[in-house]
Structure formats: C-alpha cells, structure tokens
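1. Mind looking at a prediction? Sequence and model below.
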Amino acid sequence: QLVESGGGSVQPGGSLTVSCAASGFTFQYYAIAWFRQVPGKEPEGVSCISGTDGSTEYGDSVKGRFAISRDNAKNTAYLQMNSLTPEDTGVYYCASGAGLCRELARMPSPPWRGQGTQVTVSS
C-alpha cells in the first residue's frame, strides 16, 4: 500500500514536499516513482528513485527544481518541490513494483500506486 500526503496550495515560486508512505512490501528493495496527473492529460512521470542502488531520475520539466529522496527506516519516499509554477499543478501520486527505475518505467501499470495528493500552484 502506498499513501501520499503533504499536498496543498502554494504560490508560484514557493516550495512543497509530498510524502509517500509504504507498507506491505520490503520498501528498501523497491523503486518509488512519482507521477502527476492533470485532468484530460496522460500521467506525467516526474521522478524516480531506485531501491537497489538509490539512483534517481527526473523528468525534463522538473530537473533542477525537484529532489526525490527516501528514508528506508521510515518506509517513506519524499519529493521536495521548489520554484513551483502553475504548470506543476496536478494530483501527485507514487507508484512501485520493481527494484530499478528503468524496470518500473517499462511497466504499463505498476502493481502498487497511491490515491494521490493534490498540489495547486496559484497566485
């Protein structure tokens, strides 16, 4: 099970951190990916952190602004979002099901995903 938290409303240029709490599987061995969903559009891959080696990946639109991390002792992954713009608005959800990000990316539908948390960037 994956449960997101930490969403909310923020002004452009602001920061927000969302969390993904995991249970029911051996968290440290699994990659965690963050996606965002906007109504009428396909989900966009935002970032991913592998479980086996901790390597990270970012989508082009968030590189240099977002940072993904994980705390295996707390079974939780985080997405720190800085310099937010209205284009970052959406439902952010986490997903998992493979050890490496490249493996998770090949899954058409990851076996585990959360319900999502709303992030709204507006003045």
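-> Done, it's in.
2. Burial check on the closest residue to Gly13 other than its chain neighbours, number of neighbours?
-> Nearest residue to Gly13 in three dimensions, chain neighbours excluded: Ser83, at 6.2 Å (CB to CB, 6 or more residues apart in numbering). Backbone N, C-alpha and C define where each C-beta goes, glycine included. Ser83 has 13 neighbouring residues, counting by other CB atoms under 10 Å.
3. which ones are touching Ser83?
-> By CB atoms under 8 Å, 6 or more residues apart in numbering, Ser83 lies in contact with 13, 15, 65.
4. if you set the cut-off to 10 Å instead, what comes out?
-> Shown in contact with Ser83 (CB atoms under 10 Å, 6 or more residues apart in numbering): 12-15, 62, 64-66.
5. And these, which of them are buried?
-> Neighbour counting with 16 or more other CB atoms under 10 Å marks 62, 66 as buried within the contacts of Ser83.
6. if we can go back for a sec, I'd like the distance between the residue nearest to Gly13 and Gln11.
-> To Gln11, Ser83 is 11 Å away according to CB to CB, to the nearest Å.
7. circling back to that earlier point, sort out for me which of the contacts of Ser83 are in strands.
-> Phe66 (DSSP state E).
8. Make a markdown table from the contacts of Ser83 and add pLDDT and distance to Cys94 to it.
-> A markdown table is the format used below for those (pLDDT from 0 to 100; distance: CB to CB, whole Å):
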| residue | pLDDT | distance to Cys94 |
| --- | --- | --- |
| Pro12 | 98 | 24 |
| Gly13 | 98 | 25 |
| Gly14 | 98 | 21 |
| Ser15 | 98 | 19 |
| Val62 | 97 | 15 |
| Gly64 | 97 | 21 |
| Arg65 | 98 | 18 |
| Phe66 | 98 | 13 |
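9. count of residues packed around Glu44?
-> Neighbourhood size, Glu44 [other CB under 10 Å]: 14.
10. Using the three-state scheme, assign the residue nearest to it when sequence neighbours are not counted.
-> Nearest residue to Glu44, sequence neighbours excluded (CB to CB, 6+ apart): Arg36, at 5.3 Å. Put simply, Arg36 is strand when judged by DSSP: H, G, I helix; E, B strand; the rest coil.
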